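Student: Below are the sequence and a predicted model for it; my questions follow.
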Amino acid sequence: MLREPMLRERVPKLKHLVEPDRVHRLCYTDQDIFDLEIKNIFEKTWQYCGHDTQIPKAGDFFTFQIGRQPMVMVRAEDGKIHVLYNRCAHRGVQVCGSRKGHAEGALTCPYHSWRFHFDGTLESVPLEKGYRDTNFKKNDPAFSMTPAASVDIYRGFVFAKLDPSGPSLEEWMGPAKIAIDDMCDRSPVGRVEVVQPYNRVIQRSNWKFFMENQLDALHASVTHQSAGHAAAEVEREIKQRTGSAPAHLKPLSAVLMAFGGWDALQTANFPHGHSLLQGYLAPRPQDPDSLAYEALMEKAVGRARKEEVLSRSIHHVLLYPGVSIQPAMQQLRVLRPVAPGRTESEIWHFRLVGAPEAIYRRSLSYYNLVNSPSTMVNADDLENWQRGQLGLEGSGNDWVSFHRGMGRDRIDDGVLLSGEGTSEAPMRHQFATWLEFLEARK
Ligand code: FES
Ligand SMILES: [Fe+2]
């Protein structure tokens, strides 16, 4: 819980913890700072709920957290998606108890059977006469499941915000909405659908480790070296046997690129803390499956548009504070922070509607190679972050260095562009945003 007096003490000191090129280790370990992050960042900004194809039928629901708030996303009979606090208006019990499910006709509380319409309003209570001559009023919003202050859907991706103030979803995403556009545009009909099940991982590290790591171009060829070598070896073996290397291993073997190659990339850092890494591994193989897909795209959207879409080279996009999207691979990860040293992540993947099955299999293969419970790739990252958390809980050195590339960033039309691919510009950018949110006294 938020200990307000202690926080009031600490908030003025936050700016001493964040310098332009380094931050204090307490930013990752301190419970009060974590509480403030939840209150001022996660419970104030647009948060990813899920994809509309997760809940195709009326009554389908999916539960998740926004900050500390238990939430449920549910589809109503008219097709509309509602995002509600998952809390019964009677005595507070979570109405939907499982991660996902289907409710017939209404959301029914398991405790005393209050029933709620899918928009959260109260449908009925048992023995209503028991409330005769009391202040209970069926139409009073106090007796509804409370809706999120704002809900918006962008090309099927559902977001909610608990604070009624602030920018619209599209204003908030700004240029970073290319994350969703680039994924959907790769479908001949401009749509994606989620493929279940998804992976959930408990990371024993602060949520910021994950966000910093996603655009950390320097770590890939170090941390993922063994996975890269293994992929390259299998590629070689298949090529010897069949005459051509399979396209699905290339994203993994490519991490063996020399440091100089990573430095030739670039990150772009947008308002509200979002960033992307571009120039890496334009995923446009020329094998027969890919060529068939390209022909289908050309038929659907025309040659010029196909070229525009398929020649994009965006590796990762971060929607601050907790979403990471790889559009060309149709992958999305979303963070649900639990404690300073504990973060839950959901890892989703999508199918390009109308694209050949082989293209989906490639996305699925990448999903498993990078994110399955048995992968070496995610395991290597998780190990680094956990060891990072343990290191920062010690007091041998109070500072975390973000000096790499400092002074060589440039601002172009409001976008901060890194001088080199391995610049720690995204981390500096994230912390500048972080400080703005945490210092807001609302
Ligand atoms: S707590 Fe939900 S019906 Fe009583
Ligand atoms: Fe990694």
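Tutor: Happy to help now that I have it. Ligands and ions are numbered 1, 2, ... in the order given.

Student: which residues does the nearest residue to residue 203 once chain neighbours are set aside bridge with?
Tutor: Taking C-beta to C-beta, 6 or more residues apart in numbering as the measure, residue 203 lies nearest to residue 343, with 4.4 Å between them; neighbours along the chain are not counted. C-beta coordinates here come from the backbone N, C-alpha and C atoms, glycine included. Beta-bridge partners for residue 343, by DSSP bridges, are residue 203, residue 337.

Student: For residue 343, list the residues it contacts.
Tutor: With contacts defined as C-beta atoms under 8 Å, 6 or more residues apart in numbering, residue 343 is in contact with 202, 203, 205, 206, 207, 210, 335, 336, 337.

Student: Make a ChimeraX selection of the buried ones in the residues you listed.
Tutor: Applied in ChimeraX, the following selects the buried portion of these according to 16 or more other C-beta atoms under 10 Å:
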select :203,205,206,207,210,335,336,337
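
Student: Go through the contacts of residue 343 and name the one nearest residue 382.
Tutor: Proximity of these to residue 382, judged by C-beta to C-beta, is greatest for residue 203, which lies at 5.9 Å.

Student: Okay, the closest one and residue 433: tell me how far apart.
Tutor: 21 Å (C-beta to C-beta, to the nearest Å).

Student: Which residues of the stretch 51-200 of the chain lie near ligand 1?
Tutor: In this structure, the stretch 51-200 of the chain approaches ligand 1 at residues 88, 90, 91, 93, 109, 111, 112, 113, 114, judged by C-beta under 6 Å from any ligand atom.

Student: Test my guess that the last one contacts residue 91.
Tutor: So the one you mean is residue 114. No: using C-beta atoms under 8 Å as the test, residue 114 is too far from residue 91 to be in contact (9.2 Å).

Student: Comparing these two, which residue is more hemmed in?
Tutor: residue 114 (22 against 10; other C-beta atoms under 10 Å).

Student: Could you tell me the backbone phi and psi angles at that one?
Tutor: In this entry, residue 114 is assigned phi and psi values of phi -70, psi 140 (degrees, to the nearest 10).

Student: what's near enough to touch it?
Tutor: If you count contacts by C-beta under 8 Å, 6+ apart, residue 114 has them with 88, 89, 90, 108, 122, 124, 125, 126.

Student: So which of those residues wins on neighbours?
Tutor: residue 122 (23 neighbours).

Student: What's opposite it in the beta bridge?
Tutor: Judged by DSSP bridges, the bridge partners of residue 122 are residue 116.

Student: Please settle this for me: is residue 61 part of a helix?
Tutor: No: counting by DSSP: H, G, I helix; E, B strand; the rest coil, one finds residue 61 to be strand, located in no helix.
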